[in-house]
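In: 3D model of this:
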Amino acid sequence: MNLFEIINRVEMSKDFKSFKKENPGAYFCAAFFILDYEAGTEKKQLDYFVSSTDVMTFSINQEGTEITSAKAELPKKEKIPAIGMQAVKLHEDEAIEIAKKESEIGDFTKIIAVLQNLDGRDIWNLSCMKGLHMMRYHVSASDGKVLKKEKINLIDMMKIEPGRTPDYIQ
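Out: Predicted coordinates:
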């Protein structure tokens with residue numbers, strides 16, 4: 001089930017209709033997809049901005065049958081920009097295919113795909129992993145252009161100070 005199908009299913013659910021009745025100003029602000037190809041699992045959720053302190057999250061299980069909702073508090077008191085769904089043309093599978101074609105590390109084992117509005121543009125922010133290697137992409141959600149591409153070695157991200165045992169070993 002892709003982004004557009006998930007939005008439709010969530011927004012047609014009884015929970016969402018009740019939520020919208022109580023929060024008429026709430027709007028769609030993000031989508032999160034976590035795909036683990038090794039474990040064969042995936043997590044899909046949609047976030048709706050309620051206020052400067054709250055976001056409502058609607059998650060769908062792998063079979064796409066159960067919708068659960070949870071209210072989350074924002075760490076910063078700021079407004080999250082809305083996703084302009086009329087301009088979003090790519091769903092997550094299409095954005096992931098673009099990343100796979102651009103990959104410098106081979107086939108990915110895990111992908112975190114986030115649809116968000118960043119600096120006034122709706123983008124797919126993709127973190128794609130294989131072992132200790134990661135590729136990060138920003139892909140335009142409207143036309144599929146790769147706006148940013150970065151190769152990262154996860155080992156390089158861990159800074160170890162000489163003479164100090166890292167916290168994760170203790």
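
In: quick one: the strands in the protein?
Out: Ranges of strands within the chain are 27-36, 41-51, 54-60, 67-73, 110-118, 121-130, 133-140, 146-153, based on DSSP state E.

In: the ones you listed: lowest mean pLDDT?
Out: With a mean of 75, strand 67-73 has the lowest mean pLDDT of the strands of the chain.

In: neighbouring strands for that strand, and are they parallel or not?
Out: In the sheet, strand 67-73 lines up against strand 54-60 (antiparallel) (DSSP bridges).

In: from the chain's centroid, how far away is the longest helix seen in the chain?
Out: Scanning the chain for the helix with the most residues, using DSSP state H, yields helix 92-102. Once both centres are worked out by C-alpha atoms, centre = their mean, to the nearest Å, helix 92-102 turns out to sit 14 Å from its chain's centre.

In: what angle do that helix and strand 41-51 make?
Out: Here helix 92-102 runs at an angle of 120 degrees relative to strand 41-51 (axes from the mean of the first three to the mean of the last three C-alpha atoms, to 10 degrees).

In: quick one, helix 92-102 and strand 110-118 angle?
Out: 110 degrees.

In: picking that back up, with mean neighbour count added, can I get the strands of the chain in JSON lines?
Out: In short, each C-beta sits where N, CA and C put it, glycine included. As requested, these are exported to JSON lines (neighbours: other C-beta atoms under 10 Å):
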{"stretch": "strand 27-36", "mean neighbour count": "19"}
{"stretch": "strand 41-51", "mean neighbour count": "19"}
{"stretch": "strand 54-60", "mean neighbour count": "18"}
{"stretch": "strand 67-73", "mean neighbour count": "13"}
{"stretch": "strand 110-118", "mean neighbour count": "19"}
{"stretch": "strand 121-130", "mean neighbour count": "21"}
{"stretch": "strand 133-140", "mean neighbour count": "20"}
{"stretch": "strand 146-153", "mean neighbour count": "13"}
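
In: and these as CSV, adding distance to I80?
Out: Shown next, in CSV, are the strands of the chain (distance: least, C-beta to C-beta, whole Å):
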stretch, distance to I80
strand 27-36, 4
strand 41-51, 5
strand 54-60, 7
strand 67-73, 11
strand 110-118, 8
strand 121-130, 13
strand 133-140, 17
strand 146-153, 20
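
In: which one of these lies nearest to K79?
Out: strand 41-51 (7.1 Å; C-beta to C-beta).

In: run me through the strand neighbours of that closest one, direction for each.
Out: Neighbouring strands of strand 41-51 in its sheet, by DSSP bridges, are strand 27-36 (antiparallel), strand 54-60 (antiparallel).

In: reformat those as TSV; add distance to N125.
Out: Formatted as TSV, the strands paired with strand 41-51 follow (distance: least, C-beta to C-beta, whole Å):
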stretch	distance to N125
strand 27-36	10
strand 54-60	17
